[in-house]
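Undergrad: Dropping a prediction and its sequence here:
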Amino acid sequence: MSFFVKSFILASGLLLNLVLPAGAEELPIIAESTRNRAYSGFSSTVRGDIRTVGMAGATVGLGDTFIAATDNPAGLAMTMNTGDFNLTTNWVRDSAVQQWGNPVQSSNFGVALSPYPWGFSLGYSTPFSEGQFYRTAAGTTALMELEIQEYRAAFARVFSDNRLAVGVSLGFGRATARFSPENDLFVWQNSAYSFTPSLGAMYKLPNRVLLGISYRFPVRYDGTIGAKTPGLGDFFQPFITPGRLGLGAGWIPNRFFRMDFSVFVIGSTPEAGFLSNQLRTVGSSITLQPRIGAAYDFLEFNEFRATAFAGSYYEPARIQDAPNRIHVTMGIETKPWIFTVGTGADFAWHYRNFLVTAGLDLIRTMQKLELVPVPWQPPRGGIFPRPTGLSDEGLARPLAKVWNPKGPEINPIQVGLDLPNAIEKRVRKAGKDLKRLSGNLLKSLPGIKKEPVDQPKTQPKRNQKTKSTTKP
């Protein structure tokens, strides 16, 4: 396994040398003294966990994780197996947006459950962020930051004998602009709020070919009029995010392999200007973005699993005078025992998103602690299992041609409701085990006086004659 990790890191380092800009950059200057155009609150690059980034964000035809379901919520009921938990942060360096030494940050946190025939998810994300120090026309240096945060809930259901799934995602977003002058403790900040709904559907063809479609409605965050900032008038302006139509074709032949080809049609935002130069338009026309990606579990044992990801996508420039780019993505994720260790990358010209993860697999940890039940496990695939053979084992119920469970069905909602009692019982059991262990340890130490054990007194039975030992 170390061979694959070392090879990936070496390849990442070589690609870094190709895309890393050379030389230090001067602080950008905002020439206009007054801002009068809206901001674009959309990023055209892929963000998410190692799986999503490694697969180039090709998810419309799969939707089988919390992050993937944000593009097509229908996957919550069709393709997700029991549940998913995600916590990730991306630090993206993009010279087309801001200086290389100032990465753009985005975060995701969420949980998803799939109690047949339903699917649910609840989470938080920052789909857009931007910010660094700029100089204004008046000579003021200030940290200018833009960010959109979304709190999102989604639900889905399968219909027509598990051939069709429909999903709805309801989001509540907050767009925030901050202006922080250098060497000044005062921060100018203003926020605007809006609803961010999206819809999705998925249809299953023979041999588990999945057709997906999704649409996220355009959103405008108004109401950001605020105080006049020093050196730049009317800094607080609306945020505009375009509408996005997604079309995808996914294929899940078995639990080891899956792939997807997705195309996103992203609406125009001709009234939006770039942060450092509002004369540079952002999204002046509709753009088309194709993505392709695959995932393969090449190692599967009882206490160890490893998955490789690969993909690519074409990013048409939405910022005026910025180049179109072809991205190459990759990733590898291992799960030894209850841990998760992995790395992923997205490379393009003057662009890098490099992710590293190391933590606990929350669901597997709870299973080991006997807090949640362990579902039936099919025979392990071993080394390089066949990726294209059709098999129902280990897949979500709507994907199985014939549903024949070999163990008790697990309702994730009921498991969640029973979790507090399970934790209480586990804590009590751990306390008793610790008390017994400490008692045995004390008894085994030399010089520790052993307390005599009181023997229970025997009482004579009633109406029983006692024999006399005295001779007459």
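TA: Perfect, I can see it now. Numbers count the residues shown, from 1 in each chain.

Undergrad: show me the contacts for the closest residue to G233 other than its chain neighbours.
TA: Distance criterion C-beta to C-beta, 6 or more residues apart in numbering; nearest residue to G233, sequence neighbours excluded, is T34 at 4.0 Å. Quick note: C-beta positions are derived from backbone N, CA and C, even for glycine. Taking C-beta atoms under 8 Å, 6 or more residues apart in numbering as the criterion, T34 is in contact with L232, G233, D234.

Undergrad: again, but for T334
TA: Counted by C-beta under 8 Å, 6+ apart, T334 has contacts M1, F304, R305, A306, T307, T340, V341, G342.

Undergrad: what's the answer for G83, then?
TA: Under the criterion of C-beta under 8 Å, 6+ apart, the neighbours of G83 are V111, A112, L113, S114, I363, P412.

Undergrad: In strands, which of the contacts of T334 fall?
TA: Judged by DSSP state E, these include F304, R305, A306, T307, T340, V341, G342 as members of strands.

Undergrad: any idea which of the residues you listed is the one closest to F264?
TA: Closest approach between the ones in strands among the contacts of T334 and F264, by C-beta to C-beta: T307, at 24.3 Å.

Undergrad: how close does that closest one get to Y296?
TA: Taking C-beta to C-beta, to the nearest Å as the measure, T307 falls 7 Å from Y296.

Undergrad: same thing with R280?
TA: Relative to Y296, and taking C-beta to C-beta, R280 is found at 41 Å.

Undergrad: Spatially central residue in the chain, please.
TA: N86 (4.1 Å; C-alpha atoms, centre = their mean).

Undergrad: surely that residue meets F109?
TA: Yes. The criterion here is C-beta atoms under 8 Å, and N86 meets it with F109 at 6.9 Å.

Undergrad: For P115, give its distance to L232.
TA: Distance, P115 to L232, using C-beta to C-beta: 52 Å.

Undergrad: closest to G381 among the contacts of T34?
TA: Distance from G381 was checked for each of these by C-beta to C-beta. The minimum falls on L232, at 58.7 Å.

Undergrad: count of residues packed around that closest one?
TA: When neighbours are defined as other C-beta atoms under 10 Å, L232 has 21 of them.

Undergrad: Repeat that for F384.
TA: 12.

Undergrad: just checking, it touches A306?
TA: No. F384 is not in contact with A306 according to C-beta under 8 Å; the separation is 10.6 Å.

Undergrad: which residues are common contacts for the two?
TA: F298, L299.

Undergrad: coming back round to it: can you tell me which of the contacts of T334 lies nearest to H327?
TA: Checking these one by one against H327 (C-beta to C-beta), the nearest turns out to be G342, at 19.0 Å.

Undergrad: so what sits against both of N86 and F109?
TA: Listed as contacting both N86 and F109 by C-beta under 8 Å, 6+ apart are G123.

Undergrad: Show me the shaky parts of the stretch 101-250 of the chain.
TA: 224-227 (pLDDT under 70).

Undergrad: all strands of it, in order?
TA: For the stretch 101-250 of the chain, the strands defined by DSSP state E, counting those that start in this stretch occupy 104-113, 118-136, 141-159, 164-181, 188-195, 198-205, 209-216, 219-221, 239-241, 244-251.

Undergrad: Pick the most buried one from those.
TA: Each of these was given a mean neighbour count from mean count of other C-beta atoms under 10 Å, and the largest, a mean of 27, is that of strand 239-241.

Undergrad: Name the residues that touch it?
TA: Judged by C-beta under 8 Å, 6+ apart, the contacts made with strand 239-241 from elsewhere in the structure are 38-42, 128, 146, 148, 175, 192, 196, 218-221, 224, 269, 271-272.

Undergrad: Mind doing that once more with 10 Å?
TA: Residues outside strand 239-241 that contact it (C-beta atoms under 10 Å, 6 or more residues apart in numbering): 37-43, 127-128, 146-148, 173-177, 191-192, 194, 196, 216-222, 224, 266-272, 282-283.

Undergrad: quick one on the thing from earlier: minimum distance to N440: which of the strands of the stretch 101-250 of the chain has it?
TA: strand 104-113 (40.4 Å).

Undergrad: In CSV, list the C-alpha atoms belonging to that closest one.
TA: These are the backbone C-alpha positions of strand 104-113, laid out as CSV (Å, rounded to 0.1, in the frame of the first residue of the first chain):
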residue,chain,number,x,y,z
VAL,A,104,-9.5,30.1,-1.2
GLN,A,105,-11.2,28.1,1.5
SER,A,106,-14.4,26.1,1.3
SER,A,107,-15.9,23.7,3.9
ASN,A,108,-18.6,21.0,4.0
PHE,A,109,-20.2,19.2,6.9
GLY,A,110,-23.2,16.9,6.6
VAL,A,111,-24.9,13.6,7.3
ALA,A,112,-27.2,11.5,5.1
LEU,A,113,-29.5,8.5,5.8
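
Undergrad: Given it, what are its sheet partners and their directions?
TA: With DSSP bridges as the test, strand 104-113 is paired with strand 83-94 (antiparallel), strand 118-136 (antiparallel).

Undergrad: Determine which of these approaches P446 most closely.
TA: The stretch from the strands paired with strand 104-113 with the least distance to P446 (C-beta to C-beta) is strand 83-94; that distance is 48.7 Å.

Undergrad: How about that closest one, which residues are buried there?
TA: G83, D84, N86, L87, T88, N90, V92, R93, D94 (16 or more other C-beta atoms under 10 Å).

Undergrad: got TSV for those, with distance to T388 and pLDDT too?
TA: TSV is the format used below for the buried residues of strand 83-94 (distance: C-beta to C-beta, whole Å; pLDDT from 0 to 100):
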residue	distance to T388	pLDDT
G83	27	82
D84	24	87
N86	28	85
L87	32	86
T88	30	88
N90	32	92
V92	34	95
R93	37	96
D94	36	95
